[in-house]
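Trainee: Predicted model and sequence follow; I will ask about them next.
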Amino acid sequence: MAQVHGMGHAVKRKEDPRFIRGKGTYIDDVKLPGMLYLDIVRSPYAHATIKAIHPEKALAISGVLAVITGKDLDKYGLAWMPTLMSDKQMVLPIDTVLYQAQEVAAVLATERYIAADGAAAVEVDYEPLPVVVDPKKALEPGAPILRQDREQKSNHIWHWQVGDKDATDKAFRGAEVTVKQDLYIPRIHVSSIETCGCVARWDPVEGKLTLWMTTQAPHAVRTVIALVAGHLGLAEHKIRVISPDIGGGFGGKVPVYPGYVVAIAASVLTGKPVKWIEDRMENIQADSFARDYHITAEVAAKKDGTLTALRVKTVADHGAFDAAANPSKFPAGLFSICTGSYDFQTAFAEVDGVYTNKPPGGIAYRCSFRVTEASYTIERMADIVAHQLGLDPAEFRLKNFIRPEAFPYKSALGWTYDSGNYHGALKKAMEKIGYAELRKEQAEKRKRGELMGIGISSFTEIVGAGPSQTFDILGLKMFDSAEIRIHPTGKAVARFGTKSQGQGHETTYAQIIAHELGIPEDDIVVEEGDTDTAPYGLGTYASRSTPVAGAAGAMAARKIREKAKKIAAHLLEASETDLEWERGKFYVKGSPDRAKTIQDIAFAAYTNHPQGLEAGLEAVAYYDPPNLTFPFGSYICVVDIDKGTGEVKIRRFVAVDDCGNIINPMIVEGQIHGGLTMGLAPALYEEITYDEDGNIRGGSFMDYLLPTAMETPKWETDKTTTPSPHHPLGAKGVGESATVGAPAAIANAVVDALWHLGVRHIDIPITPWKVWKELRGRGVTE
Amino acid sequence: MGNRIKVTVNGSVHEAEVEPRLLLVHFIREVLGLTGTHVGCDTTNCGACTVIMDGRAVKSCTVFAVQADGREMMTVEGLAKDGQLHPIQEGFYEKHGLQCGFCTPGMMMSAYALLQRTPHPSEGEIRWGISGNLCRCTGYVNIVEAVKFAAEKLGSAPAAGGERRSS
C-alpha cells in the first residue's frame, strides 16, 4: 500500500515524470484544428504619433487574413483595457505610441511564419515626439506630457506615504549620527524561459470562450474578461481560462498583455481558434518590468550604533502605463517593510509613481510586491551605518535586531510581524561560514593589498497576501481556496485557486492533505489552473500559495475530518466524543483495535452513510488569512575582487532561511537555490537600460545576461524553524525569500572589500567596469 | 517551394516536404509533433531547443530542417528506452533537477552530449557542459547533482544497447 508522508518529507515531485519525458503541456503545445496565428507589429519609436497604418502589402501575402489596428478594436470598445492599478493601458493604439516595442497592429494568418511575414510587411507612418526616459526629468516643468488621455496634465501618477513624518523628522534633527545614501535599483526583467502566449477559442454556437493562457492568476483573468468584454456577449459562466503547464512565471505572467486581448478579439471575430506566442525579444522588450526605483535613504542612529529612525524617499518609474500588479491599496506594494529586521522607533517612507516612455514597470521579479526594493534598501543602509561607525556589520545587526521575545512585533510602519528569531538565523550563518576566521583572513589579505569582502543580509519578508480587510486586487479579496473530493475507494482529487509555475504544488498540496487526512500522496491528484473546475482563487505570486491556498487545503481537509468523525462514530457504534484521531484513522479511546481508516470511512460515505447526514465526502474552504507571514533569513557572502579587471568572484554564499514549518524540504531547498540565483542576477549581471531616445539596450538574450551554471556559485543552505503562529500549518512561504535577501548580501560584500579605499556604495548590477572605475579612480589599479 | 528531407528521429525515419526556411525546432515540434523540445529565445542563447544531431548537441532553433536531411537525431522523447528512464532522467527526478520543466529537455540533451564525450566529468566540466542552457528556476546546483548521479549510474552499469552508443 502506498505510504503516507505528510509534512516535512522530501517527497519526490509528482509533476516530474511528465516533464522529464518531454510530456508537459505548455502553451505552445496547445494545437487545435483550424487554428490561426497572430503576430504583432511593434513600434520602433519610444514616443510617436501614428500618421497612418498601411496593411496592403501584408494583406497581399497568401495566407494573411487580416491586419487589426487600434481603430478596429475601438469599434468594439477594446482599444484600451484597465490595468490592475486603476489606470488604463492601450491594447492597440489609435494615434500614439508611448514606448519602443509597443504593440501597433496585429496580423492574423493561417500559419506562424506567414503571420510573421505579414507583420514585417505592415507599413506604419510615424511622426516622432519628444522622449522622456528619466523619471526625475519627467517630473520637471516643461517635460513632455506622455499621457494625453488623462485629465491631469503631468507625468506624476500618485504619491504614497506611510509612517509618522513629524516624529521621524524630529528624530533626525536630534540624531547623534545620520547617514544618507542614494540607491538605484535598476529595471530588470523576469525572463522566464517560456515566454507568454495564449490560444483563444471562441465557440459561436455555445457562445463560449476557452482561453489557454500563460497566467499565474486564471480566475482573476476570467473575471476581468467578463467585466471588460461583457458588452460583447462574453459572460463569466461562458469563459473558461485554462492555465496549462507554465514555464516559469516570477510575476511576469500576472499582467494581461495586449496580445492576449487581440487574440481573443480575433477568435471572436473569425470564429476560429487563434494562437499568439511571443518571441523572446517581444517578451523582454514589451512585457512588464520590475524594480526601477530611485531611492534616497536616510538612517539616524546613536553613536553606539543603536538605530533610531529611518526616512526613505523614492521615485518609481512605472513606464507609460501603471500596469503593476499590486494590491489595490498598495501602489508601492509592500515597500513599507523597509524597516526590515530592526527595531526602529520611528520611520517614514514616501514613493512617487511617474510615467516615462518605457514599457509598464512595477511587476514583481520573484518577490512579493516591492519587498526586494525594501530589503535591499535597509540591508545596504545597515552595512553603511555599521562601517561608518566602525562597527562590525554582524555585531551591529545583532545589536539592532527585533528581539525574539518582542514578537508579535508592531513595526514603525504599521505591520505586525508574526514571528521571528533573527539572532538565531544570523548566528547560525556566521557559524556555518566561519565568520570570525574570515574577518581575520580579510585583515591579513588587506595588508597584502588583496581585496576580499564579506557581506551580510538579514532580511525580513512579508508574504502571503492577504487579509481581506486590506488586500484586494481590482476589488477581489485576496483569499484563496481549496476543494477536496474523496472518492469511494479512498482516493482523492483536490483543486486549488492557485497555479504552480514550477513550485511543485501538485506535490506539496498533496502532502498537506496526506498530513491532515492520512491518505497517501500517491492517492491524491492535485489540479489547478482550470476555471471550469477549480474553486475561485487569486493565483500564485508573492509567495502566497502555501500561506493562503495551502492553508485552505488544510482547512478543507479538517472539514472532511469532522464529517469523517461522524461517519466513523456511526460505523463503530460509538459516540463522537469517544473517538480519537490518529493520522489516517479514528479509533475508540482505550480500544485502538476498534478503528476505521479514512478509506473505510470514504467507502461508507457513499455506501453506508448515517441517516440524517449528507452522503459523500468532500469539502471546500476559502481561506482569508488573519495576517501576512514574515519569512526571514540571514545570508553571508564572501567575495574576492580581481584588482586588474574589477571582476567580483563569489567564493562562498551561505543562506540560512526560516520559512516556518516546512512541507517538503527538497522543494524548499530548490526554491532557495533558484531564488538565490535570481538574487545574484540583478546584483552582478542584469539591467535593462534605455538611451535618450528611448531605445532599449538589452532587449534580447544576446544583451541581457542571465546567469548560467558558470556564473552561479554552489549555494550553501541551512535553516532555522520559527513557525507562523497564525497559519494552520505554521508555514510561511519561501519561493521568493532568496531573491529578496541575496542582492544586498552580494553588494555589501563588494563594498566591504572596498570600504577601506573610500568606496561607500556601488549601484547594482556591480559590473567589473564599475568596480574597475572605482579602483582606478583611487589609484589601486592602472 | 518544398525541399524533401529524410531524417531519423529517435530511431524512426521520417520523410517530409519542408520550406527551406523552416527551423529544425519547428519541424520537430509542428511536423513530427514531438513537443518536448521547447523554444525559449530567438538568439541561440537559452538552449531549451537542444537536441542531439549525429551525436552532438545542437540548438535546433539555429538549424534549418533542410540541414538535418540525412542525419540522425535524438530528442527528449528518445531518452527513455522500453519504458525505462535514462539515467539522466532518473538523475533529474531523484536530485530535484527541475522545477517548471521548460528548460529541462534541452538541459538533459546537453547533459547527454556531455556524458557521451566526458563519461566522468568534474563539477567544473558539468557546469561548462550545461553553460549553453539557461535555467531560471533551479540555480543549477541540483542540475549539477543530477548529471553527477547519471554519470555515476552510467559508469557503474554495463554498457546498455543504444543508450551509450556514440555516432
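Mentor: Yep, that arrived. Numbering: from 1, shown residues only, chains lettered A, B, ... in the order given.
Trainee: do stretch A:284-298 and chain B meet at all?
Mentor: No - in terms of Cβ under 8 Å from any Cβ of the partner chain, no part of stretch A:284-298 sits within range of chain B; the closest distance is 8.9 Å. Glycine gets a C-beta too; all of them are placed from N, C-alpha and C.
Trainee: which parts of the longest helix anywhere in chain B are buried?
Mentor: Counting residues, the longest helix in chain B under DSSP state H turns out to be helix B:141-156. Under the neighbour-count criterion of 16 or more other Cβ atoms under 10 Å in any protein chain shown, helix B:141-156 has B:Val141, B:Asn142, B:Ile143, B:Val144, B:Glu145, B:Ala146, B:Val147, B:Lys148, B:Phe149, B:Ala150, B:Ala151, B:Leu154 buried.
Trainee: Make JSON lines out of those residues and add pLDDT.
Mentor: Shown next, in JSON lines, are the buried residues of helix B:141-156 (pLDDT from 0 to 100):
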{"residue": "B:Val141", "pLDDT": "98"}
{"residue": "B:Asn142", "pLDDT": "98"}
{"residue": "B:Ile143", "pLDDT": "98"}
{"residue": "B:Val144", "pLDDT": "98"}
{"residue": "B:Glu145", "pLDDT": "98"}
{"residue": "B:Ala146", "pLDDT": "98"}
{"residue": "B:Val147", "pLDDT": "98"}
{"residue": "B:Lys148", "pLDDT": "98"}
{"residue": "B:Phe149", "pLDDT": "98"}
{"residue": "B:Ala150", "pLDDT": "98"}
{"residue": "B:Ala151", "pLDDT": "98"}
{"residue": "B:Leu154", "pLDDT": "96"}
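Trainee: So what's the residue count around A:Gly163?
Mentor: Burial measure for A:Gly163: 23 neighbouring residues, criterion other Cβ atoms under 10 Å in any protein chain shown.
Trainee: Likewise for A:Trp158?
Mentor: Should you count by other Cβ under 10 Å, A:Trp158 turns out to have 16 residues around it.
Trainee: phi, psi of it?
Mentor: The main-chain torsion angles of A:Trp158 are listed as degrees, to the nearest 10 and equal phi -160, psi 160.
Trainee: what sits against it?
Mentor: Taking Cβ atoms under 8 Å, 6 or more residues apart in numbering or on different chains as the contact definition, A:Trp158 lies against A:Asp322, A:Pro331, A:Asp352, A:Gly353.
Trainee: Repeat the analysis, applying 10 Å as the threshold.
Mentor: Contacts were defined as Cβ atoms under 10 Å, 6 or more residues apart in numbering or on different chains; by that measure A:Trp158 touches A:Met85, A:Ser86, A:Asp87, A:Ala316, A:His318, A:Asp322, A:Pro331, A:Ala332, A:Val351, A:Asp352, A:Gly353, A:Val354.
Trainee: For it, give the beta-bridge partners.
Mentor: With DSSP bridges applied, A:Trp158 shows beta-bridge pairing to A:Gly353.
Trainee: And it, how close does it get to A:Gly466?
Mentor: Distance, A:Trp158 to A:Gly466, by Cβ to Cβ, to the nearest Å: 20 Å.
Trainee: Quick check: chain neighbours aside, which residue is closest to the closest residue to chain B within the stretch 151-300 of chain A?
Mentor: Each residue of the stretch 151-300 of chain A has a distance to chain B, by Cβ to the nearest Cβ, and the smallest belongs to A:Gly247, at 3.0 Å. Distances taken as Cβ to Cβ, 6 or more residues apart in numbering or on different chains put A:Glu194 closest to A:Gly247, at 2.5 Å, once the chain neighbours are dropped.
Trainee: where does the stretch 601-750 of chain A dip in pLDDT?
Mentor: Screening the stretch 601-750 of chain A residue by residue with the criterion pLDDT under 70, one finds no matching range.
Trainee: Tell me the residues of it that contact chain B?
Mentor: Proximity of the stretch 601-750 of chain A to chain B is assessed by Cβ under 10 Å from any Cβ of the partner chain, with A:664, A:666-667, A:669-681, A:700-717, A:735, A:738 identified as the residues in range.
Trainee: picking that back up, could you count how many residues lie near the residue of the stretch 151-300 of chain A closest to chain B?
Mentor: With neighbours defined by other Cβ under 10 Å, the count for A:Gly247 comes to 29.
Trainee: where does A:Leu73 land in three-state SS?
Mentor: Per DSSP: H, G, I helix; E, B strand; the rest coil, the secondary structure class of A:Leu73 is helix.
Trainee: Who are the contact partners of it?
Mentor: A:79-81, A:90-94, A:106, A:258, A:261-262, A:265.
Trainee: what about it, distance to chain B?
Mentor: Plainly put, A:Leu73 is 27 Å away from chain B if you go by Cβ to the nearest Cβ, to the nearest Å.
Trainee: follow-up on the earlier one: report how many residues lie close to the residue nearest to A:Gly247.
Mentor: There are 31 residues near A:Glu194, going by other Cβ under 10 Å.
Trainee: does it sit in a helix, a strand or a coil?
Mentor: The three-state label given to A:Glu194 by three-state DSSP is coil.
Trainee: Might one say that A:Tyr690 is in contact with A:Val133?
Mentor: Yes - the pair A:Tyr690 / A:Val133 is scored as a contact, 4.6 Å apart, by Cβ atoms under 10 Å.
Trainee: Common neighbours of these two, please.
Mentor: In terms of Cβ under 10 Å, 6+ apart, A:Tyr690 and A:Val133 are both contacted by the residues A:Ala46, A:Tyr99, A:Thr356, A:Asn357, A:Lys358, A:Ile696.
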